[in-house]
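Engineer: here is the input, now give the coordinates:
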Amino acid sequence: MTNATSLEEIAGALDTAWVLMTATFIILMQLGFAMLEAGTVREHNVIATYAKNVLDFVLGIFVSSAFGFAIAYGRHPMALKFDDSGHREYVFYVAFQATAATIVSGAMAERTGILAYALVACLTAGVVYSTGVRWTWGGGWLHELGFHDFAGSGVVHLVGGSAAVVGAAVVGPRSGRWDAALAGTFVPHNIPSVMGGTLLLWVGWYSFNAGSTASMSTTASAKAASLAAMVTTISAASAALVILCTSLVRSRGRLVDILALTNGILGGLVAITAGCDVIDPPGAALTGLLSGVVYMTASATISRLRIDDCVEAFAVHGANGIWGCLAVAFFHRGDGLILGSNSSVRLLGVQALGVCSLAALAALPTLVITLAMRHFGVLRVSREEEEKGLDAKFGLKAYTTRSEALQKCSGVAQLLRADGYSPLQMLEALASLRTIIYRPFTPQAADHKLEGEVRDILIHLNFEMQDCEHLAFISHHKADAGDAARIFCDTARRILEVDPSLRGKGKLPKQMFFLDSMGLKDLDKLLNYVASSANHILMLSREVLQRPWCLAELCAAHVNHSNLCVLLIEYPGKHNDPKAFHFPEDLEKAIADWATYISHDTKPARPKPRESLRRAANLVRRVSSPKKTRYRAEVAAERSEGAAERSERSLSEEVSMISDRSLRQEKGEEIADTCEEGPAQIGTGRGDGKCDIDLHC
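Structural biologist: Numbers count the residues shown, from 1 in each chain. Below is the predicted model:
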């Protein structure tokens, strides 16, 4: 064996070891993507998110072996010989295509069917990505024009980001995503998982960029890999710096948007990927700084367009993939327009053409297949499945704690605090429902029974209006109790017009009942109506005590000392009807959830004085009549004084007791509750004073 042959074999071994090692770390980035996406989605979709990341890797290997690698490089992997270097190329190819495919999964998370996602993943990995590789790294027409994308800003990230935003737009937003009342329920449920995934991706990116040299046997390849690692570090840190400074300026030095920071880091990594072999450190710093701006601009634009991109895949990968390809034209050490020694406008044109071509290559096929699946009803899961979470399809739960309920409570608590109320007041309002006599209401009953039930309800209303705008505010869940609420209003109006004796000397307003049938979007206005109503009627149906605005209305009525009347809607199927309120289980669950939330809450329980003053100012500002102004201002002042003078000792004991009881219930222990005041009784509407159900405190 000659020395030349020996050195050649050693060089080949080094190159193979380098490629296989870096490919392994790139494959490990799948775990980073899974951690980031799983932490961003809600907790009942965690297992489905991990499963999709595993699925797209498995399917990607299949389609790559079947035809993807052959499209990209013109050689079928099954035909490779033992001594062919194509084996390592195949492994590296599979690692990269998995990254392109998994970008799509995060954007369409929480509402896309498993089968639909599998088809999109196969299309992205087997056809779109492989064609992009053929055009560029495979020696295709873009390569011949001089398009430069060293490690995949365009071929991997722009392709994945473009497919992601099209898929997210076609599948539509998650149910309630753009409802201001539910905004608090769409926050990432596990921030440590997001941050851990980001760090894992950052580490893997060194293999992504430096490993794209595909060689470590020469001094030139070693220097190229070293430069790629260096500029990758600088660009990511520069992007993070922009996000950090921006969030501090916007919050006046009080807060750091850690989620934007993590996405900014990833955006900086994406942007430098195309030119990490030809951009020097100063250019890398500029690339990273501008990538932070690109990310923030793209994120805001996607939000304004109401595209529900769960992990901001387009802002991170798509938009910064575009910028990364264009940055080569500006900061290329040889042909760059700004930092290059031989400025070339042609390079900018070629890079722009490549960006448009790769974006269209990904967007158009994805648009066709997603529209087709939406037409046949297989793209999106049903609303019921979405509310349960996609984890239900696997028969598993990622967590066994009550964190989902606590997340919902957290969202409602944000609404309450914004209007000057506190979670403790919400717990008080729910606990007060234990001591109230519930009035049955059967909207489908015969006329004589229906009128009898409504008369019984009207007897317990307060008709002393005292400048109130409405006799009663009706709080209800529109989807389940909307028809029942309208039937009650119509029947009550008819009875009050026919039988004035029910209202005594009280004078009825023109609008006796406030029924939000049109879906008023301003919570402040709704709470103003609550404050200006003499009575508050709560109609109990399925999940009404989980609806954010219904809870806020109940809390406002409790704090305002409104006369509260609770109606238990009875359906023909009784407890078998899915719309029915299950008493007392639903009430006790709501109380236990809020007690547990308060015990874990780190924010002040009492509303801030500034919030209470703002609420009072809003009440005064929205009223033109002097009497109404005085009335609402007094209500707001009374609410503020009540919050300030409240003794929290008994409530703290109640919270501790309920939290302990909920934990014991989860362990299966039997609990016997007693109350010194005895049980509150629930009337059946028979008029004989007897009761069928006892509710113990």
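Engineer: name the element Ala284 belongs to?
Structural biologist: helix 281-304 (DSSP states H and E).
Engineer: mind exporting that helix as PDB, just the C-alpha atoms?
Structural biologist: Extracted C-alpha coordinates of helix 281-304, given in PDB (Å, rounded to 0.1, in the frame of the first residue of the first chain):
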ATOM      1  CA  PRO A 281     -18.000  37.900  11.900                       C
ATOM      2  CA  PRO A 282     -19.000  41.500  11.300                       C
ATOM      3  CA  GLY A 283     -21.400  40.400   8.700                       C
ATOM      4  CA  ALA A 284     -22.700  37.700  11.000                       C
ATOM      5  CA  ALA A 285     -23.400  40.300  13.700                       C
ATOM      6  CA  LEU A 286     -25.400  42.500  11.200                       C
ATOM      7  CA  THR A 287     -27.200  39.400  10.000                       C
ATOM      8  CA  GLY A 288     -28.200  38.400  13.500                       C
ATOM      9  CA  LEU A 289     -29.300  42.000  14.500                       C
ATOM     10  CA  LEU A 290     -31.500  42.300  11.400                       C
ATOM     11  CA  SER A 291     -32.900  38.800  11.900                       C
ATOM     12  CA  GLY A 292     -34.300  39.900  15.200                       C
ATOM     13  CA  VAL A 293     -36.100  42.800  13.500                       C
ATOM     14  CA  VAL A 294     -37.300  40.400  10.700                       C
ATOM     15  CA  TYR A 295     -38.700  38.000  13.300                       C
ATOM     16  CA  MET A 296     -40.700  40.700  15.200                       C
ATOM     17  CA  THR A 297     -42.100  42.200  12.000                       C
ATOM     18  CA  ALA A 298     -43.100  38.800  10.600                       C
ATOM     19  CA  SER A 299     -44.600  37.700  13.900                       C
ATOM     20  CA  ALA A 300     -46.800  40.900  14.100                       C
ATOM     21  CA  THR A 301     -47.800  40.600  10.500                       C
ATOM     22  CA  ILE A 302     -49.000  37.000  10.800                       C
ATOM     23  CA  SER A 303     -50.900  37.900  14.000                       C
ATOM     24  CA  ARG A 304     -52.600  40.800  12.100                       C
END
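Engineer: from the chain's centre, how far out does the helix or strand just after that helix sit?
Structural biologist: Remark: after helix 281-304, the chain's next helix or strand is helix 313, criterion DSSP H and E. Centre-to-centre, helix 313 and its host chain are 13 Å apart (C-alpha atoms, centre = their mean, to the nearest Å).
Engineer: looking only at pLDDT, what's the mean for helix 313?
Structural biologist: The average pLDDT for helix 313 rounds to 96.
Engineer: same question for stretch 143-162.
Structural biologist: The average pLDDT for stretch 143-162 rounds to 96.
Engineer: which of the residues in it are buried?
Structural biologist: The neighbour-count check on stretch 143-162 (16 or more other C-beta atoms under 10 Å) flags 143, 145, 147-162 as buried. In this view, the C-beta of every residue, glycine as well, is placed from N, C-alpha and C.
Engineer: out of the residues you listed, which are inside strands?
Structural biologist: Assigned to strands by DSSP state E, none of the buried residues of stretch 143-162 qualify.
Engineer: now, those residues that are in helices?
Structural biologist: Under the assignment DSSP state H, the buried residues of stretch 143-162 contribute His143, Leu145, Val159, Gly160, Gly161, Ser162 to helices.
Engineer: now those in TSV, with distance to Leu55?
Structural biologist: TSV is the format used below for these (distance: C-beta to C-beta, whole Å):
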residue	distance to Leu55
His143	32
Leu145	36
Val159	19
Gly160	16
Gly161	20
Ser162	21
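Engineer: which one among these gets closest to Lys52?
Structural biologist: Lys52 lies nearest to Gly160 out of these, by C-beta to C-beta, at 13.8 Å.
Engineer: what's the helix or strand for the nearest residue to the closest one once chain neighbours are set aside?
Structural biologist: Nearest residue to Gly160, sequence neighbours excluded (C-beta to C-beta, 6 or more residues apart in numbering): Ile103, at 3.1 Å. Ile103 is part of helix 86-107, with elements assigned from DSSP H and E.
Engineer: got the angle between that helix and helix 281-304?
Structural biologist: If you take axes from the mean of the first three to the mean of the last three C-alpha atoms, to 10 degrees, helix 86-107 sits at 40 degrees to helix 281-304.
Engineer: other SSEs contacting helix 86-107?
Structural biologist: helix 3-40, helix 46-63, helix 69-73, helix 114-123, helix 129-135, helix 159-171, helix 313 (3 or more C-beta pairs under 8 Å, 6 or more residues apart in numbering; DSSP states H and E).
Engineer: would you single out the least confident of those helices?
Structural biologist: Considering the helices and strands packed on helix 86-107 one by one, the lowest average pLDDT is found for helix 3-40, at a mean of 91.
Engineer: just the angle for that helix relative to helix 46-63, thanks.
Structural biologist: Using the same axes, to 10 degrees, the direction of helix 3-40 lies 150 degrees away from that of helix 46-63.
Engineer: list the helices and strands helix 3-40 packs on?
Structural biologist: helix 46-63, helix 86-107, helix 191-210.
Engineer: what residues of it count as buried?
Structural biologist: Per 16+ other C-beta under 10 Å, helix 3-40 contains these buried residues: 14-16, 18-19, 22-23, 25-27, 29-40.
Engineer: gap between that helix and the chain center?
Structural biologist: Between the centre of helix 3-40 and the centre of its chain there are 34 Å (C-alpha atoms, centre = their mean).
Engineer: find the centremost residue of the protein, please.
Structural biologist: Phe186 (3.0 Å; C-alpha atoms, centre = their mean).
Engineer: what's the distance between it and Val316?
Structural biologist: Between Phe186 and Val316 the computed distance is 18 Å (C-beta to C-beta, to the nearest Å).
Engineer: kindly report the same for His536.
Structural biologist: Counting by C-beta to C-beta, the gap from His536 to Val316 is 46 Å.
Engineer: ok, now Met230?
Structural biologist: Separation of Met230 from Val316 (C-beta to C-beta): 22 Å.
Engineer: again with Thr218
Structural biologist: 34 Å.
Engineer: which residues in this protein form strands?
Structural biologist: Along the chain, counting by DSSP E, strands occupy 439-441, 470-475, 513-515, 533-540, 563-569, 680-683, 691-695.
Engineer: least confident of those, on average?
Structural biologist: Sorting those by mean pLDDT places strand 691-695 lowest, at a mean of 30.
Engineer: how about Gly336: what's its closest non-neighbour residue?
Structural biologist: Nearest one to Gly336, counting by C-beta to C-beta, 6+ apart, is Phe330 at 5.4 Å.
Engineer: ok, the one you found - contacts?
Structural biologist: Phe330 makes contact with Gly283, Gly336, Leu337, Ile338, Leu339, Leu348 under the criterion C-beta atoms under 8 Å, 6 or more residues apart in numbering.
Engineer: Val249: which of these is nearest?
Structural biologist: Distances from Val249 to the contacts of Phe330, taken as C-beta to C-beta, are shortest for Gly283 (25.7 Å).
Engineer: settle this for me: that closest one is touching Gly334, isn't it.
Structural biologist: No: assessed by C-beta atoms under 8 Å, Gly283 is found out of contact with Gly334, at 11.7 Å.
Engineer: neighbour count for the two, which is higher?
Structural biologist: Taking neighbours as other C-beta atoms under 10 Å, Gly283 and Gly334 compare with Gly283 leading, 25 against 12.
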